[in-house]
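Trainee: got a predicted structure here, sequence first:
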Amino acid sequence: MNAPQTLFTGTQPVSPANAFDEAALARWMQAHVPGFSGTMAVAQFKGGQSNPTFLLTAGGQRYVLRRKPMGELLPSAHAVDREFRVIRALVGTDVPVARAHALCEDDAVIGSAFYVMDHVKGRIFWDPTLPGMTPAERGAIFDELNRVLAALHKVQPASVGLADHGRAGAYLERQVARWTRQYKAAETEPIEAADRLIDWLPRHMPPEGESRIVHGDYRIDNVIFHPTEPRILAVLDWELSTLGDPLVDFAYHCMSWRMPPTSRGLAGVNIAALGIPSEAHYLASYLMRTDRSAAVPACDWNYYLVFNMFRLVGILQGIAKRAQLGNASNASAVETGKRARPLAEQAWALAQTL
């Protein structure tokens with residue numbers, strides 16, 4: 001098994017920083033999750049950097065619990081209530097999601113808000129080069145990733161009760177402002193390139209696109225694939241979901257083609273030999289699936305990439321800040337946070353080409 005797969009796959013004992021009253025949780029489960037019974041065992045998933053995630057086993061059933069971290073948190077982050085709501089809403093659409101059972105917003109139960117959903121058995125891939133697969137298998141995996149995100153972006157928010165899942169209009173303007181605030185709130189050291197982007201981004205926005213449900217963090221490691229088939233069984237980690245321009249959301253997903261292998265990306269990799277589509281081909285497939293006849297102007301596409309790189313810089317700073325505060329959900333948080341500076345510099349270099 002390759003290094004990222006080993007590091008992030010599977011469970012471990014609950015870390016002291018994320019420990020909670022398991023008896024109190026069992027009582028809550030008994031009252032709120034139909035069919036829950038038996039003695040409960042708790043383990044913590046290794047993967048993930050934001051909301052700590054746990055495997056609950058009881059009575060022959062397996063559940064997943066997602067909770068807010070303990071301690072001081074950044075404003076508007078770790079929105080498990082939003083995750084729960086959107087997962088519930090998407091049941092019955094072409095977007096595969098786990099069955100969500102119940103949401104608890106009472107901090108008194110285990111110390112922070114959480115929700116419980118079914119455990120979905122399958123594969124999570126942490127390395128987008130998909131070691132050990134044939135070119136045809138890799139191509140099928142990427143095609144399925146493309147299909148599912150296109151399916152999400154074709155859902156009309158009002159048709160699933162999510163018309164109020166975000167504010168209408170000025171999506172990029174609000175996102176740039178939000179991630180500027182998040183970055184500044186999480187700043188652990190000055191990064192000149194990030195400061196330049198904060199000045200540049202509001203002054204170069206392309207025209208506003210349509211408004212659809214956007215995932216906000218759609219990556220190959222945020223979906224569960226069938227154990228043997230190239231088929232997604234559940235899309236995970238919806239805490240950043242809102243209403244916005246789907247092309248911006250798709251560009252975030254496409255950052256993998258611009259990121260180095262050290263950041264679990266595809267830049268510099270011979271993707272043709274691996275059977276992985278080029279960024280241009282992948283975008284064309286998405287445009288066809290979402291019934292878009294016009295190509296995306298190169299200047300707009302590159303702006304979306306620059307913005308999303310800055311957004312990820314803000315996320316990485318948040319991870320570094322939580323490591324500094326001692327409430328990170330993953331042991332690799334310090335190393336992950338160190339990716340903020342080179343990514344900010346990469347984003348600024350791309351911005352200067354526009």
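Mentor: It's in.

Trainee: so for the residue nearest the centre of the chain, what's the pLDDT?
Mentor: Nearest to the centroid of the C-alpha atoms of the chain, with distances taken as C-alpha atoms, centre = their mean, sits Asp217, at 2.9 Å. With respect to pLDDT, Asp217 has a value of 94.

Trainee: is it true that it touches Thr242?
Mentor: No - the criterion here is C-beta atoms under 8 Å, and Asp217 misses it with Thr242 at 11.3 Å. In short, each C-beta sits where N, CA and C put it, glycine included.

Trainee: and Met205, how many neighbours does it have?
Mentor: Met205 has 16 neighbours, counted by other C-beta atoms under 10 Å.

Trainee: angles on the backbone of it, please.
Mentor: The phi/psi pair for Met205 (degrees, to the nearest 10) reads phi -70, psi 130.

Trainee: helices along the stretch 201-350 of the chain, start to end?
Mentor: Under the criterion DSSP state H, counting those that start in this stretch, the stretch 201-350 of the chain contains helices at 246-253, 271-274, 279-289, 298-325, 333-337, 340-351.

Trainee: what mean pLDDT does the shortest one have?
Mentor: Same thing as helix 271-274. Here the average pLDDT along helix 271-274 is 98.

Trainee: give me the buried positions along that helix.
Mentor: Neighbour counts over helix 271-274 (16 or more other C-beta atoms under 10 Å) mark 271, 274 as buried.

Trainee: same deal with stretch 201-208?
Mentor: Neighbour-count burial for stretch 201-208 [16+ other C-beta under 10 Å]: 201, 205-206.

Trainee: may I see these organised as a markdown table, with distance to Val109 and pLDDT added?
Mentor: As requested, these are exported to a markdown table (distance: C-beta to C-beta, whole Å; pLDDT from 0 to 100):
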| residue | distance to Val109 | pLDDT |
| --- | --- | --- |
| Leu201 | 40 | 98 |
| Met205 | 43 | 96 |
| Pro206 | 45 | 96 |
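
Trainee: which of these sits closest to Gly318?
Mentor: Closest approach to Gly318 among the buried residues of stretch 201-208 (C-beta to C-beta): Leu201, at 18.0 Å.

Trainee: give the contact list for that closest one.
Mentor: 176, 180, 306-307, 310 (C-beta atoms under 8 Å, 6 or more residues apart in numbering).

Trainee: so Arg85 sits right up against Val160, yeah?
Mentor: No - assessed by C-beta under 8 Å, Arg85 is found out of contact with Val160, at 10.3 Å.

Trainee: on that earlier part again, how about the contacts made by the residue nearest to the centre of the chain?
Mentor: Here Asp217 is in contact with 237, 239-240, 252 (C-beta under 8 Å, 6+ apart).

Trainee: ok, and the most crowded of those?
Mentor: Going by other C-beta under 10 Å, Tyr252 tops the contacts of Asp217 with 24 neighbours.

Trainee: does it touch Tyr218 like I think?
Mentor: Yes - between Tyr252 and Tyr218 there is a contact under C-beta under 8 Å: 6.8 Å.

Trainee: about what we covered before: whichever of the contacts of Leu201 end up buried, select them in PyMOL.
Mentor: Buried residues among the contacts of Leu201 (16+ other C-beta under 10 Å), as a PyMOL selection:
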select buried, resi 176+180+306+307+310
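
Trainee: Val95: which of the contacts of Leu201 is nearest?
Mentor: Phe307 (23.9 Å).

Trainee: thinking that closest one is in contact with Val176, fair?
Mentor: Yes - with contact defined as C-beta under 8 Å, Phe307 counts as touching Val176 (6.7 Å).

Trainee: please list all residues in contact with the residue in the chain sticking out farthest from the centre.
Mentor: Distance from the C-alpha centroid of the chain, by C-alpha atoms, centre = their mean, peaks at Gly38 (32.5 Å). Taking C-beta under 8 Å, 6+ apart as the criterion, Gly38 is in contact with 58-60.
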